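# Below are the sequence and a predicted model for it; my questions follow.
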Amino acid sequence: MLAALIDRPFDHPDWVFETKWDGFRVIAKIERGAAMLYSRGGERITPDYPSVAGALSKIRHRAVLDGELVALDSSGRSRFQLLQNARRGRARLRYCVFDLLSLDGRDVRRLPLLERKRLLRPILPKDAAIRFSRHVKEHGIGLFRRARRLGLEGIVAKRADSPYRSGQRTRDWLKIKTTRRQEVVICGFTQPRRSRKYFGALVLGLRAGGKWLYAGHAGTGFTKESLQAIHRKLMPLVRRRSPFDHPIPHEDVTTWVTPRLVCEVKFTEWTSDGQMRHPAFVGLRSDKPARQVVREREARAGTRRAGR
C-alpha cells in the first residue's frame, strides 16, 4: 500500500499521523522462527540485512509485516544516505514496523488500521533493531512542525479505519514532505571538472508517456566514496545515443548511459518546463524499476478531501 503526496499537513479526528521514515520499504515474512525480507519490488534481500532478519526471527508467530528499513545518524534521525553503508556493516539499522498484513495464517488486511496496529505491537520483540512506528491521533499539523524542526523527511497521514490495499496507491494514506524530494533515473553523466574525479554531474530523467523526459543535472550531494561507487555502476551501462528525444544542456561533455539506475534527489522547486531547480543527490535506490519512475505530483490537502 502506497501513500499519495499532498501539499500541506492537516488536523482531522478520523486520521492518525506517523513519522515519514527516510529509508526504503521492506515486507517481512516470519515463519517457523525464521524471517525473510523483501524489497518493494519483491526482491529477496534477507542476506543483506542479517541483524534485522535475526531480530525479527524472535517473533513467536507467523506474520507478515510492513515497515521501513532505516539507518540512524548520531542524533537518532533516519538518513537515507547512511543506508549506502549498511551492507558493509557500518550503519545503525532499524526496521520501523507500521502495519500488519497477516497473523498466524489470518489475513488481517481488511481490519481497520488501528485494529491492525493493536495486534501488531505486542508481537514485536524487544530488540534494538526493531521499532514500532508510533502515531498521534488528529493533530497532524503539530507533528509536521516537529518533523520540520528536527530535520526529518516528513509525516504520513492515515485514515484510522482504513483497510490495507496491497500494491495500491490510495488517498487513505497521504504523505507530506518537509522538503521536496523525487526519485529519478540516471541517463548520463558529465565530465569531471577541477579536482573532482569520476564525473561532474548526473543527467536525470523521468518516465512519461513511454518516453524519457529530461529533469535536470545533479552536481552536488556526493562524497568521494559515492562518486567512485556510482561511476563504477554506470560504466557498464555506457551507450552512444541519448535516451531523450530532444537536446539537453551540456551534451558535448555528456556520456550517455542506459536508463537503469534509480536515485533520489532533493531540490528547491519545479520549473515551468518540468525540470528540478538545484537538485542534489541523496542516494541510490534499488527498490523500484527505472521505468516506473515518474514525476510525483502534489495534490491539495483540504479537510473535506482528506476526510472524504
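Looks like it arrived, so ask away.
# all strands for the stretch 101-250 of the chain, in order.
106-107, 130-132, 135-139, 154-159, 169-177, 180-190, 202-208, 211-218, 238-239 (DSSP state E, counting those that start in this stretch).
# ranges for the helices of the stretch 1-150 of the chain?
Taking DSSP state H, counting those that start in this stretch as the criterion, the stretch 1-150 of the chain carries its helices at 50-56, 113-120, 140-149.
# Could I get the CA-only coordinates of the first one as CSV?
Output for helix 50-56, consisting of C-alpha atoms alone and laid out as CSV, is shown next (Å, rounded to 0.1, in the frame of the first residue of the first chain):
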residue,chain,number,x,y,z
PRO,A,50,21.1,-10.2,8.8
SER,A,51,20.8,-8.2,12.0
VAL,A,52,17.2,-7.2,11.2
ALA,A,53,16.3,-10.7,10.0
GLY,A,54,17.8,-12.1,13.2
ALA,A,55,15.8,-9.7,15.4
LEU,A,56,12.5,-10.5,13.5
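# List the buried residues of it.
Ser51, Val52, Ala53, Ala55, Leu56 (16 or more other Cβ atoms under 10 Å). Placement of C-beta: from N, CA and C, glycine included.
# cool, and the longest one?
In terms of neighbour count (16+ other Cβ under 10 Å), helix 140-149 has its buried residues at Gly140, Leu143, Phe144, Ala147, Arg148.
# tell me the contacts of Glu68?
When contacts are counted by Cβ atoms under 8 Å, 6 or more residues apart in numbering, Glu68 touches Trp21, Gly23, Phe24, Arg25, Val26, Ser78, Tyr95, Cys96, Phe98, Ser133.
# Please apply the same query to Val184.
Listed by Cβ under 8 Å, 6+ apart, the contact partners of Val184 are Leu204, Gly205, Leu206, Ala215, Ala218, Val262, Cys263, Glu264, Val265, Met276, Pro279, Val293.
# circling back to that earlier point, can you list the helices of the stretch 1-150 of the chain in CSV and add mean pLDDT?
Listed next are the helices of the stretch 1-150 of the chain as CSV, based on pLDDT from 0 to 100:
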stretch, mean pLDDT
helix 50-56, 95
helix 113-120, 98
helix 140-149, 95
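# Out of the buried residues of helix 50-56, which is nearest to Lys175?
Val52 (23.1 Å; Cβ to Cβ).
# these two touch, right, the closest one and Val70?
No - counting by Cβ atoms under 8 Å, Val52 does not reach Val70; the two are 10.4 Å apart.
# which neighbours do these two share?
Leu93, Tyr95.
# What's the end-to-end length of stretch 175-186?
25 Å (Cα to Cα, to the nearest Å).
# quick one: buried residues of that stretch?
Across stretch 175-186, burial judged by 16+ other Cβ under 10 Å covers Lys175, Ile176, Lys177, Thr178, Arg180, Arg181, Gln182, Glu183, Val184, Val185, Ile186.
# Contact partners for the third one?
Contacts were defined as Cβ under 8 Å, 6+ apart; by that measure Lys177 touches Leu5, Lys20, Glu153, Gly154.
# what's the lowest-pLDDT member of those?
Lowest pLDDT within the contacts of Lys177 is found at Glu153 (89).
# where's that one relative to Val108, distance?
28 Å (Cβ to Cβ, to the nearest Å).
# One more: Gln292?
28 Å.
# These two: which is more packed in?
Val108 (20 against 12; other Cβ atoms under 10 Å).
# okay but the more buried one is in contact with Arg116, surely?
Yes - in this structure, Val108 is within contact of Arg116 by Cβ under 8 Å, at 5.6 Å.
# Next, show the common contact partners of these two.
Common neighbours of Val108 and Arg116 (Cβ under 8 Å, 6+ apart) are Leu100, Tyr164.
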